[in-house]
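**Student:** Sequence unavailable; structure follows:
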């Protein structure tokens, strides 16, 4: 008995020592700013102090940036992050912002931590302003575009043309060839629309229309979401996201002096507790903060498009080059199952019956990160034993280009993506509450950025279609099960940024961002009330909100 207990204790100590050593080594390597050689006041040496677990939410992504902005201006920046699906895009852009040297230089002197935090918070708020500036550019479409594309299809009367297949096909081809969309469209979709077989041509036009019409509905009614090519090519989407990341990282051809001057004037004390709609109207000389930011964005884009190949892109850099992070996607593994996926997707294109159902035994929850982060994932020093943790898979280190072409490619937006002969990705729906993995990274405090309500039926619906049993789904996602992975996630969180983004329409970006910026912050951790940059008025020390608090703890 004692021998077994001693062995367990020794293994645990070794795991703790390993992850603590890795976290300390990584933090010491990455909390100095390579671009200017100056030490950044934004991040603390040692293991990550405050991390953010970001729940993916598709085209509601602006809410992530509003939430992180408010967190940053009150409690300082997060120095570790985890997320999947649209949360992977958020992590990419956030890490890009941390690389920008203008965060650290206020005029002719180094910024204080408070000043640097306000500058970072304003960059996070400006995310919505970036797309206001670009309007209907391909970058804007890459982030928000499918909801806009669906609205455009409805305005053009495509819904009334479903029975008139020839007209429908021509209208779809016209819609998908518009300037802001054309270079994002998946070539497989164009092949479907240009099918010569008259029977398949009828069916394909209806299928493409359905893919557009159902965007944002996150339906899991049938297997087509695993088989039908997505409207957008996510490799092309990733490259457009690279433009956004490079801008926020301060890469050429951005005018850094202009961006630094803009932050000097606009990221002052008055910007704290004011969202973009207010800050953008602030007068600076003969213009406003919003107008000047738009000018900087448009100047950058014009110069970039003149010689894009001649400038570096953030998309080519590895994940976690600045802070520890883990980015998730769902994985179907095994050569037999990957071959089956290819075969069934080919059958779908021929209008033959097709189905993919690997079951939980062949489904894993994969994570990318830098070498230290994935080593900590493997070690699981805290000793989590929930089902999602048991199914975790170390995907290693890779480029942001690969990650952003896979994790946001959710079923319904894209078919299952084959990575290699052994692995296929079904998108980042698998871990929407990644607090456990941040604990594995050694984060002192974890803020879970989420929305109130039950676990989404999208994740459980996908799992069911993939052959996961009802009992296994309960062990993963049920808030009524105290040992489910979701319940464990909520208990681990030091605080929950509890938004209500689901109550807004798809294109109500400013209202949903404002709600998220002012959301309740549920926490019993007293450190969020003291030694902060400024106390947050929305802090709630106790409360029961489904989806934001562990309801099983109050029974």
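**Tutor:** Here it is on my side, so go on. What you see is a predicted model, and the numbers here were worked out from it, not measured in a lab.
**Student:** give me the element the closest residue to residue 411 other than its chain neighbours is part of.
**Tutor:** Of all residues not flanking residue 411 in the chain, residue 225 sits nearest, at 3.8 Å (C-beta to C-beta, 6 or more residues apart in numbering). Any C-beta I mention is one placed from the backbone N, CA and C, and that applies to glycine too. Per DSSP states H and E, residue 225 falls inside helix 224-227.
**Student:** Report all helices and strands that that helix contacts.
**Tutor:** Here helix 224-227 touches helix 335-349, helix 457-465, going by 3 or more C-beta pairs under 8 Å, 6 or more residues apart in numbering; DSSP states H and E.
**Student:** Average pLDDT for the first one, rounded please.
**Tutor:** Mean pLDDT, helix 335-349: 97.
**Student:** next one: the shortest one
**Tutor:** Per-residue pLDDT values over helix 457-465 give a mean of 92.
**Student:** Helices of the stretch 151-300 of the chain, residue ranges please.
**Tutor:** Applying DSSP state H, counting those that start in this stretch to the stretch 151-300 of the chain gives helices spanning 165-176, 187-193, 198-213, 224-227, 234-249, 256-266, 276-279, 289-306.
**Student:** Serialize the ones you listed to a markdown table and add fields for mean pLDDT and mean neighbour count.
**Tutor:** Converted to a markdown table, those look like this (pLDDT from 0 to 100; neighbours: other C-beta atoms under 10 Å):
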| stretch | mean pLDDT | mean neighbour count |
| --- | --- | --- |
| helix 165-176 | 86 | 17 |
| helix 187-193 | 96 | 17 |
| helix 198-213 | 91 | 18 |
| helix 224-227 | 94 | 23 |
| helix 234-249 | 95 | 23 |
| helix 256-266 | 97 | 18 |
| helix 276-279 | 98 | 20 |
| helix 289-306 | 96 | 18 |
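**Student:** so which of the ones you listed comes closest to residue 319?
**Tutor:** Closest approach to residue 319 among the helices of the stretch 151-300 of the chain (C-beta to C-beta): helix 234-249, 11.7 Å.
**Student:** Need the phi and psi values for the residue nearest to the spatial centre of the chain.
**Tutor:** The centre of the chain sits closest to residue 87, judged by C-alpha atoms, centre = their mean, with a distance of 1.3 Å. Dihedral angles phi and psi of residue 87 (degrees, to the nearest 10) take the values phi -60, psi -30.
**Student:** repeat for residue 506
**Tutor:** Backbone geometry at residue 506, expressed as degrees, to the nearest 10, gives phi -50, psi -40.
**Student:** Now that it has come up, it's in contact with residue 61, right?
**Tutor:** No: with contact defined as C-beta atoms under 8 Å, residue 506 does not reach residue 61; the gap is 11.7 Å.
**Student:** out of those two, which sits in the busier spot?
**Tutor:** residue 61 (24 against 18; other C-beta atoms under 10 Å).
**Student:** Name the nearest residue to that one, ignoring sequence neighbours.
**Tutor:** Among residues not flanking residue 61 along the chain, residue 86 sits closest, at 4.4 Å (C-beta to C-beta, 6+ apart).
**Student:** same check, this time on residue 476
**Tutor:** Nearest non-adjacent residue to residue 476 (C-beta to C-beta, 6+ apart): residue 485, at 5.1 Å.
**Student:** ok, now how distant is that neighbour from residue 180?
**Tutor:** From residue 485 across to residue 180, the span is 39 Å (C-beta to C-beta, to the nearest Å).
**Student:** repeat for residue 288
**Tutor:** 26 Å.
**Student:** one step back: so who does the residue nearest to residue 411 touch?
**Tutor:** Residue 225 makes contact with 219, 411-412, 415, 462, 465, according to C-beta atoms under 8 Å, 6 or more residues apart in numbering.
**Student:** Now the two most distant members of these.
**Tutor:** Farthest apart among the contacts of residue 225 by C-beta to C-beta are 219 and 415. That separation is 15.0 Å.
**Student:** So this protein: which segments form each domain?
**Tutor:** When the chain is parsed with automatic domain parsing, its domains come out as 51-130+220-555, 138-219.
**Student:** what's the most buried one of the ones you listed?
**Tutor:** Stretch with highest mean neighbour count among these: domain 51-130+220-555 (a mean of 20; mean count of other C-beta atoms under 10 Å).
**Student:** How far away from the center of its chain is that one?
**Tutor:** Here the centre of domain 51-130+220-555 is set off from its chain's centre by 3 Å, with C-alpha atoms, centre = their mean, to the nearest Å.
**Student:** Check stretch 122-142 too.
**Tutor:** Its chain's C-alpha centre and that of stretch 122-142 lie 16 Å apart, by C-alpha atoms, centre = their mean.
**Student:** Kindly provide the distance from residue 447 to residue 431.
**Tutor:** For residue 447 relative to residue 431 (C-beta to C-beta), the value is 16 Å.
**Student:** Sorry, slip of the keys, the one I care about is residue 487.
**Tutor:** 14 Å.
**Student:** follow-up on the earlier one: which one of the contacts of residue 225 is nearest to residue 194?
**Tutor:** residue 415 (18.5 Å).
**Student:** isn't the closest one right up against residue 229?
**Tutor:** Yes: the pair residue 415 and residue 229 qualifies as a contact (C-beta under 8 Å) at a distance of 5.5 Å.
**Student:** Could I get the phi/psi values of residue 424?
**Tutor:** Per degrees, to the nearest 10, the backbone of residue 424 is at phi -140, psi 140.
**Student:** Return the list of helices and strands in contact with the one helix or strand residue 64 maps to.
**Tutor:** In this assignment (DSSP H and E), residue 64 forms part of helix 62-75. With contacts defined as 3+ C-beta pairs under 8 Å, 6+ apart, helix 62-75 has these neighbours: strand 50-54, helix 86-99, helix 113-134, strand 445-451, strand 495-499, helix 509-517.
**Student:** Give me the contact list for the fifth one.
**Tutor:** Around strand 495-499, the neighbours that count as contacts under C-beta under 8 Å, 6+ apart are 63, 67, 71, 445-452, 490, 515-516, 519-523, 525, 528, 540, 545, 547-549.
**Student:** okay, the closest residue to residue 436 other than its chain neighbours: pLDDT?
**Tutor:** Counting by C-beta to C-beta, 6+ apart, the nearest residue to residue 436 once its immediate chain neighbours are dropped is residue 384, at 5.0 Å. Turning to residue 384, the model gives it a pLDDT of 98.
**Student:** Contact partners for the closest residue to residue 404 other than its chain neighbours?
**Tutor:** Leaving aside its sequence neighbours, residue 404 sits nearest to residue 238 (C-beta to C-beta, 6+ apart; 3.9 Å). Contact analysis of residue 238 by C-beta under 8 Å, 6+ apart lists 315, 400-402, 404-405.
**Student:** In JSON lines, list these along with pLDDT, secondary structure and distance to residue 97.
**Tutor:** Shown next, in JSON lines, are these (pLDDT from 0 to 100; DSSP: H, G, I helix; E, B strand; the rest coil; distance: C-beta to C-beta, whole Å):
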{"residue": "315", "pLDDT": "97", "secondary structure": "helix", "distance to residue 97": "15"}
{"residue": "400", "pLDDT": "98", "secondary structure": "helix", "distance to residue 97": "14"}
{"residue": "401", "pLDDT": "98", "secondary structure": "helix", "distance to residue 97": "19"}
{"residue": "402", "pLDDT": "98", "secondary structure": "helix", "distance to residue 97": "21"}
{"residue": "404", "pLDDT": "97", "secondary structure": "helix", "distance to residue 97": "16"}
{"residue": "405", "pLDDT": "98", "secondary structure": "helix", "distance to residue 97": "21"}
